[in-house]
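Participant: sequence-free structure coming up:
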């Protein structure tokens, strides 16, 4: 560590670098804000006890955060050069990428679903399908970019691994 640089400042710098490289889809941010706004203006409560909402929501948030962390760690581990998610140097096909081509999207959707469920609002369930349709266009653009960057390996990867969820094909 450099002389005169506080460990807290170094940690803050690392956290900031990770956050700047975090793929937080704008549609997720917009949908979560809309979910919260609608829940406040026009409550649409989920049926059942709050304790069940909190438990289920917490599980979904933890699953989504875990999936995102695993995907980020796998991408970092497989990156030969500077770690930049927007400009991959290698096609990652291991870890969560062996299960879904887009684990971070799935992770954010689980987090969003969990946050809405924890809040006891059915708005997240009502709005999620529309958000997924909007976001799907961006996913297709990302896939076209990856196919251009990795013309030899991406088609086989896309053929074998499902886009979002499902069983890998033999």
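Facilitator: Now that the structure is in, tell me what you want to look at. Small disclaimer: the values here were computed from a predicted structure and weren't measured.
Participant: While we're on the one residue sitting closest to the centre of the chain, how confident is the model there?
Facilitator: Within the chain, one residue has its C-alpha closest to the average C-alpha position: by C-alpha atoms, centre = their mean, that is residue 104, at 2.9 Å. Note for residue 104: predicted pLDDT of 92.
Participant: which residues does it contact?
Facilitator: By C-beta atoms under 8 Å, 6 or more residues apart in numbering, the contact list for residue 104 reads 23, 67, 68, 71, 72. Using the backbone N, CA and C atoms, a C-beta is placed for each residue, glycine as well.
Participant: In which helix or strand does the last one reside?
Facilitator: Right, the one you point to is residue 72. helix 50-78 (DSSP states H and E).
Participant: buried ones in the following helix or strand past that helix?
Facilitator: Using DSSP H and E, the helix or strand that follows helix 50-78 in sequence is helix 103-118. If you call a residue buried by 16 or more other C-beta atoms under 10 Å, then helix 103-118 has these buried ones: 103-118.
Participant: Now flag whichever of those is closest to residue 32.
Facilitator: Among the buried residues of helix 103-118, residue 112 lies closest to residue 32 (C-beta to C-beta), at 5.5 Å.
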